[in-house]
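1. Show me how the following folds:
(one chain, ligands or ions: 1)
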Amino acid sequence: MKDLAAQLAEACSAVFVGRGFDAKWGAVKKSDRPELADFQCNGCMGAAKQAGENARELAASLAEDLAGNELIARVDVAGPGFLNIVVRDDALANQLECIRQDPKHGGGQAADPETVIIDFGGPNVAKPMHVGHIRSAVIGDTLVRLMRFLGDRVIGDVHLGDWGLQMGLLIVAVMEEQPSLPYFDAAYDGPLPEQPPVNMDDLSRLYPAASQRAKDDDAYAQRARGAVARMQAGDVGYRALLKHFIDVSVAALKTDYAFLDVSFDFWKGESDVDHLIQPLVSDLQARGLARLDDGAWIIDVARDSDKKDMPPVILVNSRGATGYHATDIATIVERQETLAPDRILYVVDQRQAFHFEQVFRACDKAAIFPEAQLEHIGFGTVNGTDGKPFKTREGGTLRLSDLNALALAEAEKKIGEANLSGDIGPDERADIAALVARASLRFADLKNQRTTNYMFELEKFSSFEGKTGPYLLYAVVRLKALLKRAAAAGAVAGSVKIVEPSERKLVLALDGFSLALSLAREKRMPHYLCEHIYTVAQSFSAFYGALPIVRESDTDIRAARLALCEAVLLQLETGLELLGITAPDRM
Ligand code: ARG
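-> Residues are numbered from 1 along each chain as shown. Down below sits the predicted model:
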């Protein structure tokens, strides 16, 4: 189905063409002055200028041509030649009926669907996730959902950080605590234990200590780097340990992500492309794209047009180890070979923009993957009330599990204040709190234009009032209750009729769904969808406050309003699901 703006654009284009102008002038958008009109077409000024005609006169004649169109109640010419369009009530009713019947409830479809890999999450084994990783998880997961909804073939990959120095630090730390383990005995050739020698608590205890120690103890840092080199060279014991570390971390990560309803198709990591690195390096050497510089193999990626200094990509460092550049390039090789995507999106902190620029240029230069189809989807930082990147009270980075726990506690508090209906038992209450916490965190993040920074204010995020996730849940729950009351009273939805201003506004709001989604997809910015859902919820509140629904005595009007409510519920739930937010049945 097409939204009204698209249908009106067809009508406007036709009248432009009818008077000998290009169809492009017929573009229509929502009116900037909703008190005057529903939509506007601004093409007359450009068209008239090109033809050396008077814009107002052209607009007046086009307004005449449009009169009688089945969608249009009135066209006014305003200012230098704007066409202000008011839509007929029955056209709105018809549009609402289409939204209600449409399997996507007005969400639309991408005209150019692609195969897209979205690389997001990016947690590091053993290292605690910081708020940046959480943003990546929420934004990436939302992009997966909405692009898939619009028809793209999307593959989400967590791209675990499991190849760098943190692995060496862990190996050395475990060796120190449990030196007799067979992983460290080069002479041992029996079977290695299946059970991991450490659990998640051990990892969270060992890693920060080792990382701290490496800062002032050079010999220790040296040993950790040696362990990385040995692991990368394929030492069987070290590789087995690596696998244990990954398995233990992944299990914990899955639990934490589940709280936010974030999921991945692939749980691959940097270490999965190890086998591709040597062939990649040889190939780039053979083709003269990599050169030896001070013992390291590098790829020059600077360009004459560069305004900033662009250092080379480090393929293999002078100690023979491969790092972040090499694993990212090799991963692109692997993705290209296995999935042949049209595009790869990297949902990663804005501060890594430089890294991706280097990697993308190197891939383009080596004809591995075109730069134009590699996109860094950067995002801003989450700040504390002091305006600096958010830290815990103790000054550390916030773990995802702690963040979840904090949000849950806040949700429980808010629910306590909100006076839930008396017959809700403790289990249902706990489920509701979890849904409220998830809605709070996800919406608070997604509603911001992703490149901006925002302030972490849990109290505000969890409020049932304002532009928050819980406010949206509340709108859905209220709708569900209303429809239940109607059903109990034997009232059924019937054919739609639009009469009242608040009904018009609500239908016009619903009609914006496909534009919001296509903007969110095109710009990779979920806030367009948040904005839309919030507008629908607000328009619904206004309608609900202004007009009787179940209590309406005229059964036709009541049936029409119930149909409107049904459409709102369907679209709100669809939209929220794309944001990864689920509403409870009641609260
Ligand atoms: N593990 C990285 C970090 O913590 C993020 C990974 C992002 N994805 C990528 N393909 N580089 O900074």
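2. The stretch 451-587 of the chain: strands as residue ranges?
-> For the stretch 451-587 of the chain, the strands defined by DSSP state E, counting those that start in this stretch occupy 454-455.
3. Where does it get nearest to the ligand, which residue?
-> In the stretch 451-587 of the chain, the residue that lies nearest the ligand is residue 524 (15.3 Å; C-beta to the nearest ligand atom). Glycine gets a C-beta too; all of them are placed from N, C-alpha and C.
4. residues near that residue, how many?
-> Around residue 524 there are 20 other residues, counting by other C-beta atoms under 10 Å.
5. Let the chain start at 676 from now.
-> With the count now opening at 676, the last piece we talked about shows up as residue 1199.
6. Just to check, it is in contact with residue 1050?
-> Yes - using C-beta atoms under 8 Å, residue 1199 is in contact with residue 1050, at 7.1 Å.
7. which residues do these two both contact?
-> Residues touching both residue 1199 and residue 1050 (C-beta atoms under 8 Å, 6 or more residues apart in numbering) are residue 1020.
8. which residues touch the helix or strand harbouring residue 738?
-> According to DSSP states H and E, residue 738 maps onto helix 730-741. With contacts defined as C-beta under 8 Å, 6+ apart, helix 730-741 is touched by 686-687, 690-691, 693-694, 719-720, 722-724, 747, 750-752, 755-758, 760.
9. Pull out the buried residues from stretch 732-751.
-> 733-734, 736-738, 740-741, 744, 746-748, 750 (16 or more other C-beta atoms under 10 Å).
10. Those residues: which ones sit near the ligand?
-> Near the ligand, judged by C-beta under 6 Å from any ligand atom, there are no entries from the buried residues of stretch 732-751.
11. CA-only coordinates of stretch 720-733 in PDB, if you can.
-> Taking Å, rounded to 0.1, in the frame of the first residue of the first chain, the C-alpha atoms of stretch 720-733 are listed here in PDB:
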ATOM      1  CA  MET A 720       8.100  27.700  -7.600                       C
ATOM      2  CA  GLY A 721      10.800  25.600  -9.200                       C
ATOM      3  CA  ALA A 722       8.800  24.700 -12.300                       C
ATOM      4  CA  ALA A 723       7.700  28.300 -12.900                       C
ATOM      5  CA  LYS A 724      11.100  29.600 -12.500                       C
ATOM      6  CA  GLN A 725      12.500  27.200 -15.000                       C
ATOM      7  CA  ALA A 726       9.800  28.000 -17.500                       C
ATOM      8  CA  GLY A 727       9.900  31.800 -16.900                       C
ATOM      9  CA  GLU A 728       6.300  31.800 -15.700                       C
ATOM     10  CA  ASN A 729       4.600  33.200 -12.600                       C
ATOM     11  CA  ALA A 730       4.600  30.700  -9.800                       C
ATOM     12  CA  ARG A 731       1.300  31.800  -8.200                       C
ATOM     13  CA  GLU A 732      -0.500  31.700 -11.500                       C
ATOM     14  CA  LEU A 733       0.800  28.300 -12.200                       C
END
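12. show me the contacts for residue 1036.
-> Contacts of residue 1036 by C-beta under 8 Å, 6+ apart are 976, 978, 985, 988, 1046.
13. which one is the last one nearest to, not counting chain neighbours?
-> With C-beta to C-beta, 6 or more residues apart in numbering as the criterion, residue 1046 has its nearest non-adjacent residue at 3.7 Å, and that residue is residue 1039.
14. Contact residues of the chain facing the ligand?
-> Close to the ligand, as judged by C-beta under 6 Å from any ligand atom, the chain has residues 794, 797, 799, 834, 836, 1003, 1021, 1023.
15. Number of residues surrounding the fourth one?
-> Yep, that's residue 834 we're talking about. Around residue 834 there are 26 residues (other C-beta under 10 Å).
16. after the helix holding residue 738, next one along is what?
-> With DSSP H and E, the next secondary element past helix 730-741 is strand 747-753.
17. Would you indicate which residues of the helix or strand that that following strand is followed by are buried?
-> Following strand 747-753 in sequence order, the next helix or strand is strand 757-762 (DSSP H and E). Neighbour-count burial for strand 757-762, counted by 16+ other C-beta under 10 Å, picks out 757-762.
18. List the ones among the residues of the chain next to the ligand that fall in strands.
-> Those of the residues of the chain next to the ligand mapping onto strands are 794, 1021, per DSSP state E.
19. tell me the centre residue of this protein?
-> residue 814 (2.8 Å; C-alpha atoms, centre = their mean).
20. does the spatially closest residue to residue 1054 that is not a sequence neighbour sit in a helix, a strand or a coil?
-> Nearest residue to residue 1054 in three dimensions, chain neighbours excluded: residue 1125, at 4.4 Å (C-beta to C-beta, 6+ apart). Under DSSP: H, G, I helix; E, B strand; the rest coil, residue 1125 falls in the coil class.
21. For residue 1125, list the residues it contacts.
-> 810, 814, 1052-1055, 1199-1202.
22. if we go to 7 Å?
-> 814, 1054, 1200, 1202 (C-beta atoms under 7 Å, 6 or more residues apart in numbering).
23. and if you look at residue 713?
-> Residue 713 neighbours (C-beta under 7 Å, 6+ apart): 706, 760-762, 1183.
24. Tell me which two in those residues are the farthest apart.
-> Maximum pairwise distance among the contacts of residue 713 (C-beta to C-beta): 11.8 Å, between 760 and 1183.
25. list the buried ones in whichever strand or helix holds residue 684?
-> In this assignment (DSSP H and E), residue 684 forms part of helix 679-693. For helix 679-693, the buried set under the neighbour-count rule, 16+ other C-beta under 10 Å, comprises 679-680, 682-684, 686-688, 690-691.
26. So the residue at the greatest distance from the centre of the chain versus the ligand, what's the distance?
-> Distance from the C-alpha centroid of the chain, by C-alpha atoms, centre = their mean, peaks at residue 862 (49.4 Å). Computed as C-beta to the nearest ligand atom, to the nearest Å, the residue 862 to the ligand distance reads 35 Å.
27. And the pLDDT for that residue?
-> In this model, residue 862 is scored at 91, pLDDT.
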